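J.: Okay, here's the prediction I keep looking at, along with the sequence it came from:
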Amino acid sequence: MTTLLAQAKIEGPEIDWAGLSPLIALIGGSVIVLLLGLFRARPVREHLVPFVALAAIGAALGLTIWQWGENVDLIRGAMRLDDLTLALTGLFCAAGIATVLLSWRHIAPRESAHGEFYSLLLASLAGMVVLVGATDLITLFLGLELLSIPLYVLCATEMRREGALESGLKYLIIGSVGSATLLFGTAFIYGAAGSTNFAEIAAAIADEGISDSALLLTGVGLAVIGLAFKASVAPFHQWTPDVYEGAPTPVTAFMAVATKVAAIGITLRLFDVALIGVSDVWQPAIAILAAITIIVGNVGALGQSSLKRMLAYSGVAQAGYLLAGVVVASQAGVEAAVFYLAAYTVMNLAAFAVIVARQAQRPDGDDIGALRGLGTERPLLAWPLTLAMLGLAGFPLTAGFIGKFALIQASVEGDYTWLGVMIVIGSMISLGYYLKVVATMWMTSSPEPGEAKPAGIAPGPPVMAGGSPEADDARAPWEVVLVGGVFGLLILAIGVYPQPLFDLAQDAAASLSGLL
Amino acid sequence: MTLHLSIMLWLPAAFALLGALLPGKLPGRIAILGSLLTLAYAVVYVVDFDTGKDGLQYLTDEAWIEALGINYKLGIDGLNLFLILLTALLWFGATLWANLKEWEHARTFFLWLGIGETAVLGALLAQDLALFVVFFDLMLVPFFFITVGWGGKDRVPAVTKLVIYTLVGSLLMLTAAVATGVLAAEGTGNPVDFDLSVIQASGLSEGSQKWIFLFFAAAFLVKMPAVPLHGWLPDGYSAMPLPALALFSGVLSKVAAYGFLRISLPLFPDAAADFQELMLILALVSILYGSVMAFSQTNARLILGYSSIAQLGFITLGIFAIEGTGAQGAILQSVNHGLVTLPAMFILALLAARAGGSEDIRDMGGIAFKAPVLAVFFVITTFALLAMPGSSNFVGEFLILLGVFKTQMAIAIIASIGVVLASVYALRLFIRAMHNRVGADVDSRDLSLADGVILVPVVLLIIAFGLYPQLALERGEKATAAVVAPARAILGEPTGNYGLAEEEAEAAAEEPAGAAPQIDPTTGQPIDPATGQTADPSAQGAPPAGGELIYVDPTSGQQVAPGTPGAIAIDPATGQPVEDPAAGAVNEVTP
């Protein structure tokens, strides 16, 4: 009996706790925050909970920096902790910190419950880390779901607003379709390659000559579509504007930034590691998707008056630019993609911080008209948004310019010059909407009477007698302004001195072996 | 003496940032100080510049973004020296001018103005292709904000149009620049490097050169603007505040012309040779279209705007003569046109102030009667604009046409019509504004002291430069010869040689033996009698004293006695035609 038991004993995988530590910090934080949220005292719920969430993300960030340069497999090759995982984890943490600060005095955590809100946020972050570290199809799916499910709920946290609920439901349905497609795709890939491990799949494709098997190619196709849903790549992007508009703005910021980073991150690893053997199949397919995405996103953004919808479409277009870095499947491509992801994170967080601040000041803060005269009245808000818009449009001396430069250079080097030209054409179209925002802010004339505020929108805070509505704007929470300012400065700093970030991106790219 | 270019480059932006932190009228004053120091720096460079040296001087070369192969490399040579001086000068003038006026949110205004100067200087100084693109695109940002914040009516659609036009060009240029760097590195196996000299050394295949050249050309032609890429001009010119417009028209357009010389000709010589005729025809169309539009407009701003299309057409013509004389003329004319634009725009503001705020020449008229001093300065500016002999503009246009004559005679003949048309629109502007019946709302008065402080020095500079254009020609000669050389080599020697061969023989016969400067028929450079080689013109040092000029009859190519009507004065040291100081008889060249 005892011998039988001894024989039956399964040896557990060796666990590299240090390598997993950023993930553990996030999951641990998630649990603690959830429990803390049960306390009844308001200061605990309203301030201690976000503070602990911040501390957990900060700890994860610190551990990420500590682990830099450790390129090891975790849990028997289910995950890999390399510089790509760590670099993207750093971006998730930046987005997470910003989101906590933006949510601190926002209505969404108050309406749901502080504990749950931040706990879900941390869980989603943990899912992202798992996803970008995944080197196994099963881990990939686990990460994707751990990322998505908390986000479905977070979208609906403003429970008394119909838009938020609609947004959550839409995201749930479309997101599930995406997840299902991806799951289906991974099953096909497994069927063809006989393994779920990325390295083994790559080896199977190289050795067994299955690169033209219908099973594998169907799997690749479904995986592309599934990830396209997550990264909001056209034509699978239709949910994006509605969900972004409806969700609470801090959550939108988080989705726009972190989800995109995670989706592009896993795309890099899946295609450039596991499926590199069939690159001649997926390269043209993704290139065409990228081109469509660039055009659809930029044209879609042109007519938007809601800033969140505009940024949603702009995010679609940016995903198209980023795919160029995936398509070329080269060191330079990965490097450019990682750099651009960082630039994208910084630029979008600055923009969303300003929208959150503006919404705290007036109920129509999401509307482009609410920006009129911002340049002279509130330069602290106008500057970050200006820099973000110029950066996203790709003006020189901003992070966006350098990022686009790197992406175009990678495309040209990878013989995808036409995709580089598409990036440029997309940027041209994008001027139409980015500059509109900037021009609205810096026009000196005040709004003409009659169009000052659209009728039917409830006035903001009560207007005191004799006071002008402008002067009575509620003050934006300082931490929101801080987020905008810090990320606004970063846009400029990266644009002027990008070398350190390039060094990081280079390390991250070097951790993917076997590139073309 | 070490003079760091970075100091001059960042000085205006640094002062602007400093000014942005100060209250009240201080930002404007600080901006004046900043632009004045920059001007002083630029003057020092012009004085200190070593004419005899080949290549770049005062070089700064650091790696900026190693991962992308982008360098922070700045340098001065004969191509950009005078354009830098022009930039510093015009910016100083415009900053003074802007200080005469009260601006809402003056701090931000002067901040953008200073950043603009840094961007333009950066584009002129950059010796790295990517760095050039960065600064070239950056130039637009301050002007976008200035127009949005302080422009005239309908400014947002106008400036959006302007920005989209120019950035479409710029983004095409960005792709082309990246492709240039990558393709140039591909052949050599070295990592990508955007250093202009590295790219020029490795070269590109003719096929790649073609599309890359066209992408660059699109960016430059939009900025100039040239027909048919000038669609933004009427709206853009109407919307921009005048001091900014003077800079946009006077300086930024020249950076585009400079881009052709710095980037397109040396880096893509095959394509430049292939597209020479296309570019010449575009230039020709710009000259004719710009001139015709300029004398059919009634808005004074647009008259100046269209006239600048025509002037930039001449500059393009000179560049794409792909010949030393033409390129020299193009640089000289760039400086000339910039020098004329600032006073012209300034006078336009003064006229509008006297005509009840209207910039329409139908509302002006008779302003000269009560403003004789203003009229004098205006007439000098007008004469410079129409390239009256005696002005430096005349020398510039002459050199350009001479360069084109040598290569494409037919185009040169048609282009000379533009010289005539220039006098039509320039004089029409002057007469309609200053003479004729006094306009209904005109309340004329003469220059105020403050106006004079800005106007007088610039106009005096125009006169001074007209008397001694050699200052710029000498310093530009080596660099222009170097940039046109690769493309010229592909095209072969110029055909229409303008009778210089006979002239050479004549010169040898007439002059006392030994002192006879012989002219190489192919290059137009004098031959050293001792060695039989083409002498290095700049090695011969100082410009000739007035008496040593040779006079040549342009029709026969024979040397004639000084003072003969219709004769062209030729400087024996350079072999280039110069203005005859003795007689203003050179105007025979214009048909």
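T.: Everything's here; your move.
J.: List the contacts of the residue nearest the centre of chain B.
T.: In chain B, the C-alpha nearest the mean C-alpha coordinate belongs to B:Ser334, at 1.5 Å (CA atoms, centre = their mean). By CB atoms under 8 Å, 6 or more residues apart in numbering or on different chains, the contact set of B:Ser334 is B:83, B:86, B:254, B:257-258, B:315. C-beta: built from backbone N, CA, C; applies to glycine.
J.: Neighbour-wise, give me the winner out of those residues.
T.: B:Ile315 (33 neighbours; other CB atoms under 10 Å in any protein chain shown).
J.: Now do the contacts for it.
T.: B:Ile315 is in contact with B:224, B:254, B:257, B:330, B:333-334, B:337, B:400, counting by CB under 8 Å, 6+ apart.
J.: Likewise for B:Leu96?
T.: B:32, B:453-454.
J.: Show me the one in those that has more neighbours than the rest.
T.: B:Ile454 (22 neighbours).
J.: which of the contacts of B:Ser334 lies closest to chain A?
T.: Set against chain A, the nearest of the contacts of B:Ser334 by CB to the nearest CB is B:Tyr258 (17.8 Å).
J.: Isn't that closest one up against B:Gly78?
T.: No - at 11.7 Å, B:Tyr258 and B:Gly78 do not qualify as touching, with contact defined as CB atoms under 8 Å.
J.: Now list whatever residues contact both of those two.
T.: Each of B:Ile331 lies in contact with both B:Tyr258 and B:Gly78 under the rule CB under 8 Å, 6+ apart.
J.: give me phi/psi at A:Ala53?
T.: When quoted as degrees, to the nearest 10, the phi and psi of A:Ala53 stand at phi -60, psi -40.
J.: now it: how far from A:Ala25?
T.: Distance, A:Ala53 to A:Ala25, by CB to CB, to the nearest Å: 11 Å.
J.: of those two, who's got more company?
T.: Counted by other CB under 10 Å, A:Ala53 and A:Ala25 do not tie: A:Ala53 has more neighbours, with 31 against 25.
J.: Isn't that one up against A:Leu121?
T.: Yes - counting by CB under 8 Å, A:Leu121 is a contact partner of A:Ala53 at 6.7 Å.
J.: Tell me where the chain has strands.
T.: Answering for chain A, as no chain was given. Remark: strands assigned in chain A by DSSP state E are A:72-74, A:79-81.
J.: my bad, the chain I had in mind was chain B
T.: Using DSSP E, strands in chain B cover B:57-65, B:70-76, B:518-519, B:526-527, B:550-552, B:559-560, B:568-570, B:577-578.
J.: and B:Thr51, how many residues sit next to it?
T.: 15.
J.: Equivalent analysis for A:Gly485, please.
T.: 18.
J.: Skipping its backbone neighbours, what lies nearest it in space?
T.: Of all residues not flanking A:Gly485 in the chain, A:Pro384 sits nearest, at 6.0 Å (CB to CB, 6 or more residues apart in numbering or on different chains).
J.: Tell me the pLDDT of the one you found.
T.: Here, the pLDDT recorded for A:Pro384 equals 93.
J.: what's the answer for A:Pro43, then?
T.: 85.
J.: Contact partners for residue 321?
T.: As the question left the chain open, I've gone with chain A. By CB under 8 Å, 6+ apart, the neighbours of A:Tyr321 are A:290, A:294, A:340, A:404, A:407, A:423, A:426.
J.: wrong chain, I was asking about chain B
T.: So B:Ala321 contacts B:280, B:327, B:400, B:403-404, B:406-408 (CB under 8 Å, 6+ apart).
J.: Also A:Leu147?
T.: So A:Leu147 contacts A:124, A:127-128, A:130-131, A:259, A:262 (CB under 8 Å, 6+ apart).
J.: what about the residue lying closest to it once chain neighbours are set aside, neighbour count?
T.: Excluding its sequence neighbours, the residue lying closest to A:Leu147 (CB to CB, 6+ apart) is A:Gly127, at 3.4 Å. A:Gly127: 27 surrounding residues under other CB under 10 Å.
J.: same thing with B:Asp441?
T.: 12.
J.: Which pLDDT does the model give it?
T.: 75.
J.: Settle this for me: it is touching B:Gly356, isn't it.
T.: Yes - with contact defined as CB under 8 Å, B:Asp441 reaches B:Gly356; the gap is 3.3 Å.
J.: what is in contact with the two at once?
T.: The contact lists of B:Asp441 and B:Gly356 share B:Asp363, where a contact means CB under 8 Å, 6+ apart.
J.: Tell me the spatial nearest neighbour of A:Ala164, not counting adjacent residues.
T.: Per CB to CB, 6+ apart, closest to A:Ala164 is A:Glu158, 3.9 Å.
J.: residue contacts, the one you found?
T.: Per CB under 8 Å, 6+ apart, neighbours of A:Glu158: A:107-108, A:111-112, A:164, A:248.
J.: Now do the nearest residue to A:Ile174 once chain neighbours are set aside against chain B, distance only.
T.: Spatially, and ignoring its direct neighbours in sequence, A:Ile174 is nearest to A:Trp239 (4.0 Å; CB to CB, 6+ apart). Distance of A:Trp239 to chain B, given as CB to the nearest CB, to the nearest Å: 30 Å.
J.: pretty sure A:Trp239 is touching A:Leu169, no?
T.: No - counting by CB under 8 Å, A:Leu169 is not a contact partner of A:Trp239; they are 10.6 Å apart.
J.: The two: which has the busier surroundings?
T.: Taking other CB under 10 Å, A:Trp239 and A:Leu169 do not tie; A:Trp239 has more neighbours (19 against 15).
J.: Quick check: pLDDT value at the more buried one.
T.: 91.
J.: Would you tell me which one of the contacts of B:Ile315 comes nearest to B:Leu449?
T.: B:His337 (27.9 Å; CB to CB).
J.: Now for that closest one: which residues touch it?
T.: B:250, B:254, B:308, B:311-312, B:315, B:393.
J.: Which pLDDT value belongs to it?
T.: 91.
J.: now do B:Ala561
T.: pLDDT at B:Ala561 comes out at 60.
J.: that older thread, joint contacts of A:Ala53 and A:Leu121?
T.: Joint contacts of A:Ala53 and A:Leu121 (CB under 8 Å, 6+ apart) are A:Val100.
J.: Chain neighbours aside, what residue packs nearest to the closest residue to chain B within the stretch 1-150 of chain A?
T.: In the stretch 1-150 of chain A, the residue that lies nearest chain B is A:Ala87 (14.3 Å; CB to the nearest CB). Nearest non-adjacent residue to A:Ala87, counting by CB to CB, 6+ apart: A:Ala508, 4.1 Å away.
J.: And B:Phe369, by the same measure?
T.: Closest to B:Phe369 by CB to CB, 6+ apart is B:Ser444, at 6.5 Å.
J.: who touches the one you found in this structure?
T.: Neighbours of B:Ser444 in contact, by CB under 8 Å, 6+ apart: B:354, B:366-371, B:438.
J.: what's the pLDDT at it?
T.: At B:Ser444, pLDDT is 76.
J.: still on that earlier bit, mind putting the strands of chain A in TSV, distance to A:Tyr416 included?
T.: Formatted as TSV, these follow (distance: least, CB to CB, whole Å):
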stretch	distance to A:Tyr416
strand A:72-74	32
strand A:79-81	27
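J.: And the ones you listed, which one averages the lowest pLDDT?
T.: strand A:72-74 (a mean of 85).
J.: is stretch B:61-80 anywhere near chain A?
T.: Yes - contact of stretch B:61-80 with chain A (CB under 8 Å from any CB of the partner chain) involves B:64-68.
J.: Distance across that stretch, terminal residue to terminal residue?
T.: Criterion CA to CA, to the nearest Å; first-to-last residue distance in stretch B:61-80 is 17 Å.
J.: Okay, buried residues for it please.
T.: B:64-65, B:67-80 (16 or more other CB atoms under 10 Å in any protein chain shown).
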